[in-house]
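In: sequence unavailable; structure follows:
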């Protein structure tokens, strides 16, 4: 997970809640290395209500991915792509591709974007592409989560994964629908992983 304004973190927490509904499931939250300067980070965080330090979350290492049964990748959307930090992190995992260490693990993605048409679906698909190249089984957000069919309010939810709309300055918090989508996705992916690991 990569975070500044808090939106991706809020979705991650909701995913965690959904995963924990599956008996025996254990969640470990990790972050990818930050490439922005401390000054740039603080400047962005000054305009946000999100004050929790994401730097207290441990950095993800290769063994975290090797040892997981399912992996959720969360990254903000920038110009219709996953953020640079997540792209760099995934590229740094090339040795896991060589080892085939992630083949058969369940993978899922979530994101945030500034606007309703901010490219979140393309960003999610770019993460899906990386997961497929790593040999992972990709799980999205099925339409059994029927709230994503609602048209009475704007939200960022997609069948490719949970997403939230942030506003241009990060002024919007995830809606109830967006958080419910993340919880559903967490539960859905953990249930799949649980079935696979029992075989």
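Out: Perfect, I can see it now. As the structure is a prediction and not an experimental result, all values here were calculated from the model.
In: can you pull out the helices in the chain?
Out: 7-19, 38-46, 62-67, 84-92, 94-99, 120-133, 176-197 (DSSP state H).
In: can I get the ones you listed in CSV including mean pLDDT and mean neighbour count?
Out: Heads up, the C-betas are built off the backbone N, CA and C, glycines and all. What follows is the helices of the chain, written out as CSV (pLDDT from 0 to 100; neighbours: other C-beta atoms under 10 Å):
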stretch, mean pLDDT, mean neighbour count
helix 7-19, 94, 23
helix 38-46, 55, 12
helix 62-67, 96, 13
helix 84-92, 92, 17
helix 94-99, 94, 12
helix 120-133, 96, 20
helix 176-197, 96, 21
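In: of these, which approaches residue 30 most closely?
Out: Across the helices of the chain, residue 30 has its closest neighbour in helix 62-67 (5.6 Å, C-beta to C-beta).
In: contact partners of that closest one?
Out: For helix 62-67, contacts defined as C-beta atoms under 8 Å, 6 or more residues apart in numbering pick out 28, 30, 71, 93, 95, 96, 101, 102, 105.
In: quick one: closest of the helices of the chain to residue 77.
Out: Here helix 120-133 is closest among the helices of the chain (C-beta to C-beta), at 3.9 Å.
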